[in-house]
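Colleague: build me a model from this:
(2 chains)
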Protein chains: 2
Amino acid sequence: MAQEKEFVKDVADMREDFPQWYTDVVLKAQLADYGPAKGTMVIRPYGYGIWENIQRELDARFKATGHQNAYFPMFIPYSFLTREKEHVEGFAPEVYLVTHVGDTELSEKLVVRPTSETIICEMYAKWVNSYRDLPVLINQWANVTRAEKTTRPFLRTSEFLWQEGHTLHRTEEEAREETLKMLNVYIEFCKNVLALPLFAGRKSEKEKFAGAKETYSIEAMMQDGKSLQSGTSHYFGTNFAEAFDIRYLDSDGTHKYPFQTSWGVSTRLIGAIIMAHGDQRGLCLPPFVAPVQAVIVPIAMHKAGVLDKANELFDSLKSAGIRVKLDDSDQTPGWKFNEYEMKGVPVRIELGPRDIENGVITYSRRDKVGEKFTMPLSDVAEKLPSLFKDINDNMYAKALAFNESHVKTVSTESELVEAVNAGNFALTMWCGDRKCEDKLKDEYQISSRNMPFDQTPCGDKCCVCGKKAKFKIYFGKAY
Amino acid sequence: MAQEKEFVKDVADMREDFPQWYTDVVLKAQLADYGPAKGTMVIRPYGYGIWENIQRELDARFKATGHQNAYFPMFIPYSFLTREKEHVEGFAPEVYLVTHVGDTELSEKLVVRPTSETIICEMYAKWVNSYRDLPVLINQWANVTRAEKTTRPFLRTSEFLWQEGHTLHRTEEEAREETLKMLNVYIEFCKNVLALPLFAGRKSEKEKFAGAKETYSIEAMMQDGKSLQSGTSHYFGTNFAEAFDIRYLDSDGTHKYPFQTSWGVSTRLIGAIIMAHGDQRGLCLPPFVAPVQAVIVPIAMHKAGVLDKANELFDSLKSAGIRVKLDDSDQTPGWKFNEYEMKGVPVRIELGPRDIENGVITYSRRDKVGEKFTMPLSDVAEKLPSLFKDINDNMYAKALAFNESHVKTVSTESELVEAVNAGNFALTMWCGDRKCEDKLKDEYQISSRNMPFDQTPCGDKCCVCGKKAKFKIYFGKAY
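Modeller: Numbering: from 1, shown residues only, chains lettered A, B, ... in the order given. Have a look, this model is predicted:
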């Protein structure tokens, strides 16, 4: 049971009202605020700092796998959207349309990009002529817009920030390999940078991206047992290449369509961090994306030498590349402890006269609230990076244990519904028929999440219709 | 006189048709391409690489001066635009308007941001309550849109990328200091990173930002003698704070309006780089923003050991943090030399059997085409950074000499027109009356650029109307 003192002012009890807890934490920690236009969000500096760290870490991984960044226009002629049949059906109802400049009506209305496949394909058709132009390995960091009925900061907003990789390959094999390679980049990144264990697998036909042949997703389990789809990687085959007439002259002298992929993650990842790691005290940020990795709280600041020593430590950590903050404001240490716990700062360093006398610091870890540790003052700059790694790994292990204890293997519809309603993912067998998915969705708001790569059967009948099972699959409630 | 061999296929003679030369270089070097919607631009990987380096360098400077990044929604309720009178007059005719989502008309149309003062002020009004909340030092990296009649890649496009700093201060003095501080950040950055000497000063009332009290600009001189306004820093006073009711409780117990600034540069800087440094061979990129800083061209690649040594050098430069490319394609060295000259790569390293035998590399500098140098193979990784600095400084000195030889001090209208039409800036005295500016604009398409900080008079009469002069000012033609 949580202690009374764990509670933060203006933050709901997460065990009683998880959605309210989430919103309260987002606002109280100043991660985001509501924008004036319906469904929009302002990402405040503390939230944007997390996104900058996500960007830097992911971007390095994209470049290490041979990708380059580019930027494509946000305005897409409406006619482009209609060229790939499934794509237009998927996106047309929720696109924002620019119809006027000032008082003048445009001759063709413009779509504000909900995703960039169409405009990128249009350009690729122009750029790719020969097999020598392949592969094309391009990523874009951009804002995209989709009108949403129900919105929540980071999880679902009318405008959000993301990256979208769009690649072209000479062979189907290479494109399929890219699709999974980038999924694995996301998995590795989520583990080592966000301390986030995932459920990775292939989406059902019903849940795949509009226009894709196959969609793979990473699903993160939140502490209410719901799933947050946190990233996707799509194999397109030649669907878009045919629709946009991207063809190249192969070495055998014939014209061919290249095979295509796209893959993306968004600011939604910040929502995953909040809901996978947070607790009643507020945020708990993974060290490698925390805007402030360590905060120094001087104790008995007025005593001679304390602030000097605190500043010295601050400088040494800063020059070691650590994102450090020194709070020398006139608030009490107690107030500061609560504040930085609420803000999820991974390491809090206390430095008072006695510490200085002993040549140590006293520190606390946000992932082990209540415990206190010491280390020699002279070692701090050197030892913090491995401490951060340890915190990340501990947070990962904790989240993994939560995930594992919240997966129930079931074989009937009633077991499935019971498991999911109790805050779990249900792992089960499925016939592959959309009707069974529709039934669960319509009756219980339960959706298929994905089909794990390990397809070792856990039964032989579809848990809904009882017919012969084809796939092992996760079902759950989703954000 | 340029030699015949300086000419690159498909690139116009810059002395005969500078605008065409510019467009040819942009397309041929694959910096950008035309987007499908009117006036839009695709920034291709080679151009975007320059932007990424600009971003990284500027962002470090913004953070070193205490700023944080945030992200505000792109969609702004139309009513916001109308709150600051001059602002709406300046921007309303060129704003893109979202009127529909899918088939549904919106109850209030949305402006796609042309700049973010209004939406940011709306949020600041909510966030700033006490003098303790000041200063607010926030920057945003974002895309903005303005419908333009005549567009050219990087120089003027319907959508472009930029950063916009928006700050609030307790005193007028502090806000004015911020305005000039950020102008100076731009000047230092342009000098040390883009090798770009500037004309910095205050804009006339006619040319200032819609809603500002004062606008300062940096103007770069292009090799056709025209000016490219490359960045601005605005002092707003309390104009927007009053319009958006941003008020704080000061320590004296009264409510006050804070003083405000904004400042920005955009992808236009890439246009400045191209037109300030380029030549008949193509681009000449400043080393600290060049996507490829050094290219290794192996000579007699088939000879034993050459490729191994080239790869070894590549690895050592890469781990030294240098942006290096090894071109081991089957094109001839001559083809590669031309290609990387056209692409403006600052340093070309040749490595052949004889070089390896002598333990040296042969290298060329893009800023000194035709000369060849050598250095010990073992020194390359260590010496390249200072070579890059030397190249940057040499490019800066060359551009500065160009600038200085293309400023004519004039005292009559006919002298002014003659000087500007011959490809110069005219430095002159001006009465401060808008009518004189309008006359030059209407009759000769000549505009005031800015009033330099050094206002030592160069005469006492306005060069247009002959009345008493108030300001020393630059006039010129502008992009």
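Colleague: isn't A:Tyr96 right up against A:Leu110?
Modeller: No. When contacts are counted by Cβ atoms under 8 Å, A:Tyr96 is not listed as touching A:Leu110 (9.3 Å). Yep, even glycine has a C-beta here, placed from its N, CA and C like the rest.
Colleague: quick one: which of the two has more around it?
Modeller: Neighbour tally, A:Tyr96 and A:Leu110, criterion other Cβ atoms under 10 Å in any protein chain shown: the higher count belongs to A:Leu110, 28 against 24.
Colleague: now the helix or strand where that one lies and strand B:104-112, what's the angle there?
Modeller: For A:Leu110, the host element (DSSP states H and E) is strand A:104-112. Interaxial angle of strand A:104-112 relative to strand B:104-112 (axes from the mean of the first three to the mean of the last three Cα atoms, to 10 degrees): 90 degrees.
Colleague: packing partners for strand A:104-112?
Modeller: Judged by 3 or more Cβ pairs under 8 Å, 6 or more residues apart in numbering or on different chains; DSSP states H and E, the packing partners of strand A:104-112 are strand A:75-77, helix A:78-81, strand A:96-101, strand B:96-101.
Colleague: quick one: is the helix or strand following it near chain B?
Modeller: Using DSSP H and E, the helix or strand that directly follows strand A:104-112 along the chain is helix A:117-127. Yes. Legend: contact between helix A:117-127 and chain B by Cβ under 8 Å from any Cβ of the partner chain is shown at A:119, A:122-123, A:126-127.
Colleague: report whether the helix or strand following helix A:117-127 contacts chain B.
Modeller: Where DSSP H and E defines the elements, the next helix or strand beyond helix A:117-127 is strand A:136-145. Yes. Using Cβ under 8 Å from any Cβ, we find that strand A:136-145 touches chain B at A:138, A:142-143, A:145.
Colleague: now the helices and strands packed on strand A:104-112 as CSV including mean pLDDT?
Modeller: CSV is the format used below for these (pLDDT from 0 to 100):
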stretch, mean pLDDT
strand A:75-77, 96
helix A:78-81, 90
strand A:96-101, 96
strand B:96-101, 97
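Colleague: out of these, deepest packed?
Modeller: strand A:75-77 (a mean of 24; mean count of other Cβ atoms under 10 Å in any protein chain shown).
Colleague: which secondary structure elements does it contact?
Modeller: Using 3+ Cβ pairs under 8 Å, 6+ apart: strand A:75-77 touches strand A:104-112.
Colleague: report the mean confidence score over the strand it packs on.
Modeller: When pLDDT is averaged over strand A:104-112, the result is 95.
Colleague: burial count for the residue of the stretch 351-479 of chain A found nearest chain B?
Modeller: For the stretch 351-479 of chain A, the residue closest to chain B is A:Pro385, as judged by Cβ to the nearest Cβ, at 19.4 Å. By other Cβ under 10 Å, 15 other residues sit near A:Pro385.
Colleague: do the same with the one 10 residues further on
Modeller: Neighbours of A:Met395 under the rule other Cβ under 10 Å: 25.
Colleague: gap between A:Lys318 and A:Trp430?
Modeller: 53 Å (Cβ to Cβ, to the nearest Å).
Colleague: more neighbours, those two?
Modeller: Each of A:Lys318 and A:Trp430 has its neighbours counted (other Cβ under 10 Å); A:Trp430 has more, 25 against 14.
Colleague: closest to A:Asp460 out of the helices and strands packed on strand A:104-112?
Modeller: With respect to A:Asp460, and counting by Cβ to Cβ, the nearest of the helices and strands packed on strand A:104-112 is helix A:78-81 at 42.8 Å.
Colleague: quick one on the thing from earlier: any residues touching the strand holding A:Leu110, and which ones?
Modeller: A:74-81, A:95-100, A:145, B:37, B:96, B:98, B:100, B:112 (Cβ atoms under 8 Å, 6 or more residues apart in numbering or on different chains).
Colleague: dihedrals phi and psi, A:Pro452?
Modeller: For A:Pro452, the backbone dihedrals (degrees, to the nearest 10) come out as phi -60, psi 160.
Colleague: which other helices and strands does the helix or strand containing A:Glu86 contact?
Modeller: Element membership for A:Glu86, per DSSP H and E: helix A:85-91. When contacts are defined as 3+ Cβ pairs under 8 Å, 6+ apart, helix A:85-91 sits against helix A:78-81.
Colleague: dump the helix it packs on to PDB, keeping only the CA atoms.
Modeller: The C-alpha coordinates for helix A:78-81 follow below in PDB (Å, rounded to 0.1, in the frame of the first residue of the first chain):
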ATOM      1  CA  TYR A  78      -5.700  16.500 -52.600                       C
ATOM      2  CA  SER A  79      -5.500  14.400 -55.700                       C
ATOM      3  CA  PHE A  80      -2.400  12.600 -54.500                       C
ATOM      4  CA  LEU A  81      -4.300  11.100 -51.500                       C
END
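Colleague: tell me the domain ranges of chain A?
Modeller: Following automatic domain parsing, one gets these domains for chain A: A:4-277, A:294-383, A:407-476.
Colleague: can I get these in JSON lines with distance to B:Glu341?
Modeller: Shown next, in JSON lines, are these (distance: least, Cβ to Cβ, whole Å):
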{"stretch": "domain A:4-277", "distance to B:Glu341": "21"}
{"stretch": "domain A:294-383", "distance to B:Glu341": "37"}
{"stretch": "domain A:407-476", "distance to B:Glu341": "49"}
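Colleague: now the helices for the stretch 151-300 of chain A?
Modeller: A:172-192, A:239-243, A:268-277 (DSSP state H, counting those that start in this stretch).
Colleague: relative to B:Glu418, which of the ones you listed is closest?
Modeller: helix A:239-243 (56.7 Å).
Colleague: now do that closest one: everything it contacts.
Modeller: With Cβ under 8 Å, 6+ apart, helix A:239-243 has contacts from A:83-84, A:87, A:117-118, A:121, A:168, A:211-213, A:246-247, A:257-260.
Colleague: contacts for the helix holding A:Glu86 next, please.
Modeller: Taking Cβ under 8 Å, 6+ apart as the rule, helix A:85-91 contacts A:81-82, A:114-115, A:117-118, A:146, A:209-211, A:240.
Colleague: show the buried residues in the residues of helix A:117-127 next to chain B.
Modeller: Taking 16 or more other Cβ atoms under 10 Å in any protein chain shown as the criterion, what is buried in the residues of helix A:117-127 next to chain B is A:119, A:122-123.
Colleague: show me what counts as buried in the helix or strand of chain A with the lowest mean pLDDT.
Modeller: Lowest on mean pLDDT, DSSP states H and E among the helices and strands of chain A sits helix A:85-91, with a mean of 80. Neighbour-count burial for helix A:85-91 flags A:87-88, A:90-91 (criterion: 16+ other Cβ under 10 Å).
Colleague: ok, now stretch A:125-140?
Modeller: Result for stretch A:125-140 [16+ other Cβ under 10 Å]: buried residues A:125, A:128, A:134-140.
Colleague: among the helices of the stretch 151-300 of chain A, which gets the worst mean confidence?
Modeller: Looking at the helices of the stretch 151-300 of chain A, the weakest mean confidence is helix A:239-243, a mean of 94.
Colleague: how far does that helix sit from its chain's centre?
Modeller: 29 Å (Cα atoms, centre = their mean, to the nearest Å).
Colleague: give the buried residues for it.
Modeller: A:239-241, A:243.
Colleague: low-confidence stretches in chain A?
Modeller: A:1-6 (pLDDT under 70).
Colleague: can you rerun that using 50?
Modeller: Along chain A, segments meeting pLDDT under 50 span A:1-4.
Colleague: pull the longest helix from it.
Modeller: helix A:380-405 (DSSP state H).
Colleague: next structured bit after it?
Modeller: strand A:407-409.
Colleague: and of the buried residues of helix A:85-91, the nearest to B:Asp330?
Modeller: When those are compared against B:Asp330 (criterion: Cβ to Cβ), the nearest one is A:His87, at 39.3 Å.
Colleague: and that closest one, how far is that from A:Thr115?
Modeller: Counting by Cβ to Cβ, the gap from A:His87 to A:Thr115 is 9 Å.
Colleague: all set now, cheers.
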